[in-house]
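In: This is a predicted model, with the sequence first.
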Amino acid sequence: MQHVLVIGGGVIGLTSAWWLLEAGFGVTLLEREVQVGNGASYANGGQLSYRYVSPLADAGVPLKALHWMFQQDAPLRFRPELDLRQWRWLASFLAHCNAAANSATTAHLLELGEASRQAMAELAIPQEEFSWREAGKLIIYRSRPALDVAVARPDAGQLLSPAQCVRCEPALAHVEAALAGGIFNPGEAVADCHAFCEALMRRIAQHPRFQARVTGAAHQLERARGKVTGVATAAGRLVADHYVLAAGIASRDLAATADIRLPLYPVKGYSLTAPIRSGDLAPQVSVTDFERKILYARIGERLRVAAMADLVGENLTLDAARVQGLLRQVRATMPQAADYAQLATWAGLRPSTPSGAPLIGASRYANLWLNVGHGPLGFTFACGAARKLAAIMHD
């Protein structure tokens, strides 16, 4: 039996571990935190957007970015760094900001999304363990031109008028007059990604081919004769037949120890979580405010709001001004959706490629494999990406 060391205990690493176990490999899981799912998987938006994806790299984004620079609560913020990796990533990102590249990436991600939807269903973790709800997704548009572009996409979904948007989701009543319309997809879901990670870890721990879970950061990939020969970690040196790099943005520095330049950048996002009280007008469907790049998801008895794309390096500091700006927009859109006085705030680093498509498969080393770069859709793509990786490695 071939032994695999999976590096990373977030949703990507855990799903990779599970599908590799099912493919017949023995698996050891290395995670730097005591708990699994404590990085970018901890308090993300919770949307599972299998049928509607919109890569950040698109033809209109550079012009929008210039406009956003002068907005206090803009969805994107950029802070220049003395880091060549940032400028390489930006150059490649701008090269992907055209309709043809966006269309190709979107088609690829939709295929991966459908594979993930099927794989999640096959996994069959009880829904109550991670607050799974297949409530559908409503994307609201505040400008008619943006709505017209969206409607022109193949299989965009059901077009709704502003009044129909409110009938679909009464929590939007306060902004009906500001809407141009919306698109509804009934098959989309929401869930608690962190709870999913914990539930999957419990299942992994019971698998007969699971060998160990090791806690400690990975520091160095050791290599010789075209192969990785071991990993130096805070818990000691670990060896295996194969190695899977699935450690989010930490994968970038670890890969660099083996002279691999991963085209990843940490796109910082924020989330707000507030309890839903009896009598609150909380959304029942998942809502994305397209122009403002804000998503709303009811996860159990909590409202999760996620937004922002800050290009500020590996900085996890909670920017109070960004949090307050997001809260102002949330209150203006859904003023009665939850108890905003009991707010929990969070920021995470979403490991993103310039195109928006993840890197899944082989590396320059014969026994080092990649499952990285899923950006803000890691939860959505995790199961499909893991099953794809396991199939590649098995062959």
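Out: Nice, thanks for sending it over.

In: Helices of the stretch 251-395 of the chain, start to end?
Out: Secondary structure of the stretch 251-395 of the chain (DSSP state H, counting those that start in this stretch): helices at 320-333, 378-394.

In: looking at these, which is closest to residue 111?
Out: Evaluated over the helices of the stretch 251-395 of the chain, closeness to residue 111 peaks at helix 378-394, with 8.5 Å, by C-beta to C-beta. Every C-beta, even on glycine, is put in place using the N, C-alpha and C of the backbone.

In: for that closest one, packing partners?
Out: helix 11-22, strand 47-48, helix 99-123, helix 193-205, strand 359-362, strand 368-372 (3 or more C-beta pairs under 8 Å, 6 or more residues apart in numbering; DSSP states H and E).

In: want to throw those into CSV with mean neighbour count and distance to residue 38?
Out: Formatted as CSV, the helices and strands packed on helix 378-394 follow (neighbours: other C-beta atoms under 10 Å; distance: least, C-beta to C-beta, whole Å):
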stretch, mean neighbour count, distance to residue 38
helix 11-22, 28, 11
strand 47-48, 28, 20
helix 99-123, 17, 21
helix 193-205, 20, 8
strand 359-362, 18, 23
strand 368-372, 24, 18
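
In: between the ones you listed, which gets nearest to residue 245?
Out: Ranking those by their distance to residue 245 (criterion: C-beta to C-beta) puts strand 368-372 first, at 5.4 Å.

In: any idea where the strands of the stretch 101-250 of the chain begin and end?
Out: 137-141, 158-160, 181-185, 189-190, 210-215, 218-224, 227-233, 236-238, 242-245 (DSSP state E, counting those that start in this stretch).

In: need the ones you listed in CSV with distance to residue 384, can you?
Out: Converted to CSV, these look like this (distance: least, C-beta to C-beta, whole Å):
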stretch, distance to residue 384
strand 137-141, 18
strand 158-160, 24
strand 181-185, 17
strand 189-190, 14
strand 210-215, 22
strand 218-224, 25
strand 227-233, 25
strand 236-238, 27
strand 242-245, 16
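
In: And residue 377, how far from residue 282?
Out: 24 Å (C-beta to C-beta, to the nearest Å).

In: Looking at these two, which has the bigger crowd around it?
Out: Just comparing residue 377 and residue 282: by other C-beta atoms under 10 Å the higher neighbour count belongs to residue 377, 26 against 20.

In: OK, contacts around that one?
Out: Residue 377 makes contacts with 49, 53, 109, as judged by C-beta atoms under 8 Å, 6 or more residues apart in numbering.

In: One more: residue 251?
Out: 7-8, 245, 262, 264, 351, 370, 372.

In: Are any of those residues buried, and if so which?
Out: Buried members of the contacts of residue 251, scored by 16 or more other C-beta atoms under 10 Å, are 7-8, 245, 262, 264, 351, 370, 372.

In: nearest to residue 75, of the strands of the stretch 101-250 of the chain?
Out: Nearest of the strands of the stretch 101-250 of the chain (C-beta to C-beta): strand 137-141, 14.4 Å.

In: Run a quick neighbour tally on residue 98.
Out: For residue 98, using other C-beta under 10 Å, the count is 13.

In: same thing with residue 93?
Out: The number of residues packed near residue 93 is 21, by other C-beta under 10 Å.

In: the inter-axis angle of the worst-scoring helix or strand of the chain on mean pLDDT versus helix 99-123?
Out: Sorting the helices and strands of the chain by mean pLDDT, DSSP states H and E puts helix 61-68 at the bottom, at a mean of 75. Calculated by axes from the mean of the first three to the mean of the last three C-alpha atoms, to 10 degrees, helix 61-68 forms an angle of 90 degrees with helix 99-123.

In: If you count contacts, what does helix 61-68 end up packed against?
Out: Looks like helix 61-68 contacts strand 76-78 (3+ C-beta pairs under 8 Å, 6+ apart).

In: And the next helix or strand past the strand it packs on?
Out: Moving toward the C-terminus from strand 76-78, the next helix or strand (DSSP states H and E) is helix 84-95.

In: For that following helix, list every residue counted as buried.
Out: 85-86, 89, 93.

In: and the two most separated of these?
Out: Pairwise distances among the buried residues of helix 84-95 were taken by C-beta to C-beta; the largest, 12.2 Å, belongs to 85 and 93.

In: that older thread, pull the least confident helix or strand of the chain out as PDB, backbone CA atoms only.
Out: Taking Å, rounded to 0.1, in the frame of the first residue of the first chain, the C-alpha atoms of helix 61-68 are listed here in PDB:
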ATOM      1  CA  VAL A  61     -12.300  44.600 -13.500                       C
ATOM      2  CA  PRO A  62      -9.200  46.900 -14.100                       C
ATOM      3  CA  LEU A  63     -11.500  49.900 -14.800                       C
ATOM      4  CA  LYS A  64     -13.700  49.000 -11.900                       C
ATOM      5  CA  ALA A  65     -10.600  48.700  -9.700                       C
ATOM      6  CA  LEU A  66      -9.600  52.300 -10.500                       C
ATOM      7  CA  HIS A  67     -13.100  53.400  -9.500                       C
ATOM      8  CA  TRP A  68     -13.100  51.400  -6.300                       C
END
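
In: Now tell me what touches it from outside.
Out: Counting by C-beta under 8 Å, 6+ apart, 74-78, 94, 97 sit against helix 61-68.

In: Please identify which of the helices and strands packed on helix 378-394 is closest to residue 227.
Out: Of all the helices and strands packed on helix 378-394, strand 368-372 sits nearest to residue 227, with 7.8 Å by C-beta to C-beta.

In: how many degrees apart are the closest one and helix 378-394 in direction?
Out: 160 degrees.
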